[in-house]
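> quick check, what structure comes out for this input:
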Amino acid sequence: MGLRNPYFGFRKDRKQTEHLWERFNSGMVASEDLGEPYQQMLVKDWERCNALGIDVHMSRGKLVGEAEFEQVLLENQDLLEKANPIIERVSNCLLDVPGVLILADHRGIIVDVVGEDKVKQKAAESSGIMKRTQWLEEVAGTNGLGSAIHKRAPVHVYASEHFCEGWHTWTCAATPIVGPQDDLVGVIDFTTLQSDYRDQAVGLTYSLANSIQAALRLDYELERSRLNLEFIELAARYPADDLVLLDRGGRVVRATREDLAHHVACGTLPHSATPIPLFMPGSTKPIGTAYLVPRAGSVTSIPSGDDAVLCMGGFLTRDSETKKFLRFVSKVAPSDVNVLVVGETGTGKELIARYVHEQSSRASGPYVAVNCGALSRELFASSFFGYIGGAFTGADPKGRKGYFEAADGGTLFLDEIGELPLEIQAALLRVLEDGTFQRVGADGQKRTKCRVIAATNRDLSSEIESGSFRKDLYFRLNVIRHFIPPLRERRDDIELLVNYFLAEMSDKHGLERPELTPGAWAALKAFDWPGNVRQLRNAIEAMVLCADGAVDRSDLPPDILGEQGTVTIEAEAEPSAADDGMALKDYERRVIVSALRKYRKVNRVARELGVSRSTLYRKFEQLGIDHQRFL
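Residues are numbered from 1 along each chain as shown. Now for the predicted structure:
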């Protein structure tokens with residue numbers, strides 16, 4: 001069995017290795033002349049360095065340009081954020097140890113050096129071992145940082161094991177840092193003078209690398225969990241569009257269609273796609289981007305000959321009053337005035353906003369959707385107006401655009417506008433008046449030209465009377481006001497939407513469209529739908545997943561059956577709380593079992609149901625589901 005790594009697990013003999021190095025550089029030995037595996041692989045590595053054109057007499061690390069290094073720091077913010085606290089804690093325990101801890105990125109560029117001051121100074125002055133220098137084997141020959149990256153394994157390069165003579169005074173132990181996607185993100189190294197060689201140094205770097213990897217993994221899992229929640233929320237909010245979600249590395253996380261995910265993964269993003277930047281709650285840290293793609297033929301389930309149905313931007317209705325409202329929206333959409341959309345949660349306010357954008361002269365510009373209720377009070381200013389580098393602790397060194405800059409030339413949709421604090425309302429009013437705003441920490445003004453569409457489920461007149469919403473801002477936004485009636489006031493739309501969602505969800509999950517019994521139809525039509533169209537869509541999706549033949553009233557979600565006062569069908573005894581609990585558990589069990597039968601994998605079931613694997617396993621236990629039978 002060949003030896004993969006000659007730098008780790010061997011007793012070091014400085015004089016013997018130095019003699020071998022001298023013979024190699026005198027042309028007296030080649031790898032094929034050696035039988036001892038350790039020496040043979042050392043010489044093979046030196047031969048590779050020769051072939052790369054490395055100067056054997058090199059004595060100082062190669063500096064990268066200042067601008068390039070700034071970019072390196074920017075690209076490695078996550079690595080630095082997770083590694084620095086760990087390195088600092090360990091370095092406090094190494095105060096009397098003559099060595100330095102070095103952190104480098106995946107290209108071997110040193111981004112941090114901490115440790116004993118005398119060794120740190122000597123390393124920088126005599127060998128250029130300092131921040132901004134690069135140590136890939138292709139640049140500096142065999143060395144701790146470069147060889148750990150090349151071999152993707154721990155190494156301990158001692159004295160004359162280094163190819164370049166200038167590094168012979170040092171001994172370097174290093175371990176690569178592997179990211180959550182199994183990608184090499186950096187390397188941690190402990191360097192000291194060759195006279196202070198310590199076997200334990202590799203164990204130190206190995207332990208540090210594992211700690212950093214664990215911190216990166218935790219951050220990654222938190223981000224992925226948040227991205228999955230964002231996907232579920234966006235898919236419910238934009239039922240007429242396809243959706244693809246990318247993490248901040250540009251990798252596809254989820255998509256509504258596999259072919260769309262494949263095209264995006266290959267670098268082909270549809271021109272009609274609208275980006276929605278995603279952030280961790282309560283911070284300005286970006287975690288990814290969602291792209292909304294208008295779905296071709298998204299209303300094919302509606303009979304083309306049905307003149308009573310009006311479809312506008314994914315909003316469907318046959319209610320006469322709602323159709324008047326939609327025709328009015330269609331008339332004002334091409335103008336450039338601000339619009340206020342009022343309606344209860346789940347009525348489709350954002351569908352109207354997107355339609356207005358797509359029918360306006362700004363359709364080719366960006367469409368930026370902001371949920372004002374999801375932003376923490378401390379981040380309103382930096383999120384809306386952006387900030388300059390160094391404006392506050394944790395700020396991006398290069399600064400960042402706010403929503404108004406991102407929407408320049410397009411449309412800014414402000415959902416839940418009533419959630420804005422008064423100080424932000426005042427700043428928003430200034431932008432609406434003259435288009436100017438100021439980044440956080442900046443002295444000068446910036447200008448934007450975007451159309452603002454605001455939406456709310458609150459009574460803003462009452463908010464004005466209570467002093468929580470500015471009257472002047474209300475009149476600025478309320479140039480054109482659209483009110484979307486709740487679903488309970490347009491009961492003619494329930495059958496239309498049920499049929500539409502049955503077709504959509506059956507197609508989405510690759511299942512046969514279920515039929516509904518008269519009892520099920522009666523319950524759906526009589527229910528008040530407090531969550532409006534969004535609640536109806538979610539209920540139909542659950543029904544499609546659980547259906548085993550025709551869907552009867554008893555197969556409907558428990559929250560619908562629980563509203564006995566609004567379901568005008570055959571009278572039944574008032575259910576007890578215990579009955580409600582049993583009904584809910586039975587319904588949960590049917591949803592999970594149906595998903596297991598379809599997808600056959602726990603990971604996929606958890607993803608489709610929008611829960612974590614640990615939550616799903618708890619449900620298996622609570623509901624008595626033997627998931628192994630379905631795998």
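> may I see the buried residues of stretch 275-282?
Buried residues in stretch 275-282, counted by 16 or more other Cβ atoms under 10 Å: 275-279. From N, CA and C alone the C-beta is placed, and that goes for glycine too.
> ugh, typo on my part, it should be stretch 239-256
So for stretch 239-256, counting by 16+ other Cβ under 10 Å, buried means 239-247, 253-256.
> would you put the C-alpha positions of stretch 439-455 in CSV?
The C-alpha coordinates for stretch 439-455 follow below in CSV (Å, rounded to 0.1, in the frame of the first residue of the first chain):
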residue,chain,number,x,y,z
ARG,A,439,-27.0,55.6,3.5
VAL,A,440,-26.3,54.9,7.2
GLY,A,441,-22.9,56.4,8.1
ALA,A,442,-22.7,58.5,4.8
ASP,A,443,-22.5,62.2,4.5
GLY,A,444,-23.9,62.7,1.0
GLN,A,445,-27.3,62.0,-0.5
LYS,A,446,-28.3,59.4,-3.0
ARG,A,447,-31.2,59.4,-5.4
THR,A,448,-33.5,56.7,-6.6
LYS,A,449,-36.4,56.5,-9.0
CYS,A,450,-38.7,53.7,-8.2
ARG,A,451,-42.4,53.2,-8.0
VAL,A,452,-43.7,52.3,-4.5
ILE,A,453,-46.6,49.8,-4.1
ALA,A,454,-47.6,49.4,-0.4
ALA,A,455,-49.9,46.8,1.1
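> partner strands of the helix or strand encompassing Thr171, parallel or antiparallel?
Thr171 is part of strand 170-178 when elements are defined by DSSP states H and E. Note on strand 170-178: by DSSP bridges, its sheet partners are strand 155-158 (antiparallel), strand 184-193 (antiparallel).
> next, give phi and psi for Gly467.
phi 90, psi 10 (degrees, to the nearest 10).
> check the burial of it by counting its neighbours.
Neighbours of Gly467 under the rule other Cβ atoms under 10 Å: 9.
> so how far is Gly409 from it?
As judged by Cβ to Cβ, to the nearest Å, Gly467 and Gly409 stand 35 Å apart.
> now swap in Ser211 and tell me
46 Å.
> repeat for Glu32
Distance of Glu32 to Gly409, given as Cβ to Cβ: 66 Å.
> could you break this structure into its assigned domains?
Domains of the chain are assigned by automatic domain parsing as 14-218, 319-485, 489-630.
> those domains: lowest mean pLDDT?
Comparing mean pLDDT across the domains of the chain, the weakest is domain 489-630, with a mean of 76.
> from the chain's centroid, how far away is that one?
29 Å (Cα atoms, centre = their mean, to the nearest Å).
> again, but for stretch 196-210
Chain-centre distance of stretch 196-210: 34 Å, with Cα atoms, centre = their mean.
> one more: stretch 397-406?
For stretch 397-406, the distance to the chain centre is 18 Å (Cα atoms, centre = their mean).
> start to end distance for that stretch?
Counting by Cα to Cα, to the nearest Å, you get 18 Å between the two ends of stretch 397-406.
> before we move on, what about stretch 239-255?
Stretch 239-255 has an end-to-end distance of 13 Å (criterion: Cα to Cα).
> can you list the residues that contact it?
181, 223-224, 227-228, 230-231, 234-235, 256-257, 260-261, 264-265, 273, 278, 286-295, 298-299, 313-315, 351, 354, 501, 504, 537, 607 (Cβ atoms under 8 Å, 6 or more residues apart in numbering).
> can you flag the buried ones in these?
Using 16+ other Cβ under 10 Å, the buried ones in the contacts of stretch 239-255 are 223-224, 227-228, 230-231, 234-235, 256, 260-261, 264, 273, 278, 287-295, 298-299, 313-315, 351, 354, 501, 504, 537, 607.
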